[in-house]
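J.: sequence plus the predicted model coming up.
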Amino acid sequence: MEAILLTIVLAPLAGALIAGLLRNQVGKVGAHSVTILGVGISCVLSLYVLYLHAFQGAPVYNESVYIWMVSDGLRMEIGFLVDRLTAMMMAVVTFVSLMVHIYTIGYMAHEDGYERFFSYIALFTFSMLMLVMANNFLQLFFGWEAVGLVSYLLIGFYFKRETAIFANMKAFLVNRVGDFGFILGIAAVAMYFGTLDYAEAFAAAPQFADATITIWGDTEWSLMTVVCILLFIGAMGKSAQVPLHVWLPDSMEGPTPISALIHAATMVTAGIFMVARMSPLYELSETALTFVLVIGATTAFFMGLIGIVQNDIKRVVAYSTLSQLGYMIAALGASAYAAGLFHLMTHAFFKALLFLAAGSVIIGMHHDQDIRNMGGIRKYMPITHWTALLGSLALIGFPGFSGFFSKDAIIEAVHHSQIAGATYAHVLLVAGVFVTALYSFRMYFLVFHGDGPRHFEPHHEAHDEHGGAEAQEHHHVEDEPTPHESPWVVTLPLILLAIPSVVIGFLTVGPMVFGDYFDGVLFVAAEHNTLGAIEYHGVLGFMLHGVMALPFWLAIGGLATAWYVYTQKPEIARNLARRLDWAHFVLDRKYGFDEFNQAVFAGGSKLLGKFLWLVGDRAVIDGLAVNGSAHSVGKLAAIMRFVQTGMLYHYAMAIIVGLLVLLGWFVLRG
């Protein structure tokens, strides 16, 4: 088994190294061939591992590959923990990554840095696999930082554009804030539990359930609450939860394939996976669970609202990701870890599908990303249209589609939760269903329905990720090239992702959410078992219950509202925007988070830097240490010049005076 696991991890790494270091030798064909081969091998073997664990009852694999260092009894090692959770994550990550690799051949065909891009996305896959397969906190942190590094490189792939450089630096800095809490949490685990190994830490945790620590003053803090919240702060950065969400929409500066990979299978899912893996710790702190639940529900609803006013096709999908991550986080806070992970899996397929479909639309529209300039594209791009429709139905939780089962399970679990904040979270999650359907089908109807592409003056927010031009010049409809369907390397991944987006939910909801798939993997305290409180009578019974519940009718209401407003009476949207201009302003400004961060954190950092430069650099270092020393030496040298005259009788006189002084000193002492 160790050989298989090492191959799964190292095959994408080998492809990344060849494509990156030998790009001039292997060329474009060689670069995409070796990376697709590496990720393909990893995908096939991951599916085999999933088969062994899901259907053959393979035992949990928890072994060390090698010990890197031992310090005062604390082992730092590389190792693999493969159970049903790991196997599911490995299969999702490698399958979605493989689809993105194939798609990239068509999408990036005429781009500079083609080989570099393939190297990066293969390295991304390796990094995420190291994270999900880790059996200890050190390797988890390595994968955690590695996905952050590669996302930085990919968001700033168009490094000649200032907006791309700003976006990748923003992602890097925001994630450093989260990672500061994350590494403190890991340090607390090592300090109090005396180990970095998952199994040993989880076994030791109950002994510290009632332990308290003093951070400052005389206030006692629950150790488990502090550890769990610190770890979750890391998840807030990686999985883009309020207020550390601000980097994710700007990640759209990277090419569309990497948007799909970041939002669907890597990076943002790392936080969800980590909290679920740490369930034996989180179950020991209701305060931490409440914190997680409230943050998740807040993100789910309020980030979804912003999606309603977005006009860039990729940013609509990006805010959808923020909202859906909030649903997953809320599930974790309600101790419905299985439901959160189930939504992670279903979301990976339909969100990758929606991003890649958006990229296909961008290709067909000759790199115009403003949905107000689109319309009627279904006539020209039938495969893209139908797959995007399937992805949108899965996203809003239409009955029978994968998102229906996972989202309804989360809402029901939060409804049954008894911890503080559950009522608040339930209200926001239910309301978020209407919002999700509204922004999803607003985008769908504006892009694919209507008589033909529309063109507005001025061209607001249009963004050509290939040319980097904002506010492009407009032409009349007859001057615009006709939209066209994308090549097969683009449409094939859409079809392959559309299949699980439709069927994976009803095939797996039973064993994964209400069955024994995660037995022995996730730990849920008896008083927190919200999924156990849900009556499950099979897939059909779950669907029947779902179509009679409020979330279903809210989803239908959001869909119908989008259809009526954006296809039948578009003036309603314009009138509402004028009458509720304050609300539109708030949403368009994203609640002012960017301005606040720029003014307070960025501005404060600049002021602090200027103060340190004036006081520390100029006054202390330059003024006293460097220039002060030089000035003192100069003064001393000026004095010494009067002593060293070069006259012999001066030196003789100095010797005589010196002797007299010495003789006088000896006489006085005697």
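T.: Noted; the coordinates are in hand.

J.: not counting sequence-adjacent ones, nearest residue to residue 534?
T.: residue 412 (5.0 Å; Cβ to Cβ, 6 or more residues apart in numbering). Any C-beta I mention is one placed from the backbone N, CA and C, and that applies to glycine too.

J.: that neighbour: which element?
T.: helix 402-416 (DSSP states H and E).

J.: and the following helix or strand past that helix, what does it pack onto?
T.: Sequence-wise, the next helix or strand downstream of helix 402-416 (DSSP H and E) is helix 422-448. Judged by 3 or more Cβ pairs under 8 Å, 6 or more residues apart in numbering; DSSP states H and E, helix 422-448 is in contact with helix 286-307, helix 313-333, helix 382-396, helix 402-416, helix 550-563.

J.: buried set for helix 422-448?
T.: The neighbour-count check on helix 422-448 (16 or more other Cβ atoms under 10 Å) flags 422, 425-426, 428-448 as buried.

J.: got TSV for the helices and strands packed on helix 422-448, with mean pLDDT and distance to residue 259 too?
T.: Formatted as TSV, the helices and strands packed on helix 422-448 follow (pLDDT from 0 to 100; distance: least, Cβ to Cβ, whole Å):
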stretch	mean pLDDT	distance to residue 259
helix 286-307	95	15
helix 313-333	95	6
helix 382-396	95	14
helix 402-416	95	19
helix 550-563	95	23
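
J.: would CSV of these with distance to residue 350 and mean neighbour count be doable?
T.: Formatted as CSV, these follow (distance: least, Cβ to Cβ, whole Å; neighbours: other Cβ atoms under 10 Å):
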stretch, distance to residue 350, mean neighbour count
helix 286-307, 15, 24
helix 313-333, 9, 28
helix 382-396, 4, 24
helix 402-416, 6, 27
helix 550-563, 14, 19
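
J.: pick out the residue closest to the middle of this structure.
T.: residue 268 (2.7 Å; Cα atoms, centre = their mean).

J.: quick one, phi/psi of it?
T.: phi -70, psi -30 (degrees, to the nearest 10).

J.: how many neighbours does the nearest residue to it once chain neighbours are set aside have?
T.: In this structure, residue 268 finds its nearest non-sequential neighbour in residue 239, 5.0 Å apart by Cβ to Cβ, 6+ apart. Residues near residue 239, counting by other Cβ atoms under 10 Å, number 31.

J.: so residue 239 sits right up against residue 266, yeah?
T.: No. Residue 239 lies out of contact with residue 266 (Cβ atoms under 8 Å); the separation is 11.4 Å.

J.: rebuild the helices and strands packed on helix 422-448 as CSV, extending it with distance to residue 187.
T.: Below are these laid out as CSV (distance: least, Cβ to Cβ, whole Å):
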stretch, distance to residue 187
helix 286-307, 17
helix 313-333, 22
helix 382-396, 39
helix 402-416, 32
helix 550-563, 41
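
J.: what's the closest of these to residue 145?
T.: Minimum separation from residue 145 across the helices and strands packed on helix 422-448 (Cβ to Cβ) falls at helix 313-333, 19.9 Å.

J.: packing partners of that closest one?
T.: For helix 313-333, the packing partners by 3+ Cβ pairs under 8 Å, 6+ apart are helix 247-250, helix 256-264, helix 268-277, helix 286-307, helix 337-364, helix 402-416, helix 422-448.

J.: reformat the ones you listed as CSV; add distance to residue 566.
T.: Shown next, in CSV, are the helices and strands packed on helix 313-333 (distance: least, Cβ to Cβ, whole Å):
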stretch, distance to residue 566
helix 247-250, 22
helix 256-264, 23
helix 268-277, 28
helix 286-307, 14
helix 337-364, 16
helix 402-416, 21
helix 422-448, 5
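
J.: which one, of those, ends up nearest to residue 623?
T.: The nearest among the helices and strands packed on helix 313-333, by Cβ to Cβ, is helix 247-250 at 39.0 Å.

J.: dump that closest one to PDB, keeping only the CA atoms.
T.: This file holds the C-alpha atoms of helix 247-250, laid out as PDB (Å, rounded to 0.1, in the frame of the first residue of the first chain):
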ATOM      1  CA  TRP A 247      -9.000  37.400  -1.200                       C
ATOM      2  CA  LEU A 248     -11.200  34.800  -3.000                       C
ATOM      3  CA  PRO A 249     -13.200  37.000  -5.400                       C
ATOM      4  CA  ASP A 250      -9.900  38.700  -6.500                       C
END
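
J.: avg pLDDT for that helix?
T.: On average, the pLDDT along helix 247-250 is 90.

J.: after the biggest strand by length in the chain, next one along is what?
T.: When the chain is parsed with DSSP state E, its longest strand is strand 61-71. Next helix or strand after strand 61-71 toward the C-terminus (DSSP H and E): strand 74-82.

J.: remind me what that next one packs against, helices and strands.
T.: Helices and strands touching strand 74-82, by 3+ Cβ pairs under 8 Å, 6+ apart, are helix 2-21, strand 61-71, helix 137-155.

J.: elements contacting the last one?
T.: Spelled out, that is helix 137-155. strand 74-82, helix 114-132, helix 162-193, helix 223-238, helix 256-264, helix 268-277.

J.: also the longest one?
T.: Other helices and strands packing on helix 2-21, by 3+ Cβ pairs under 8 Å, 6+ apart, are helix 23-55, strand 61-71, strand 74-82, helix 84-107, helix 114-132.

J.: kindly report the same for the second one.
T.: Contact analysis of strand 61-71 by 3+ Cβ pairs under 8 Å, 6+ apart lists helix 2-21, strand 74-82 as its packing neighbours.

J.: having no further points to raise, I will conclude here.
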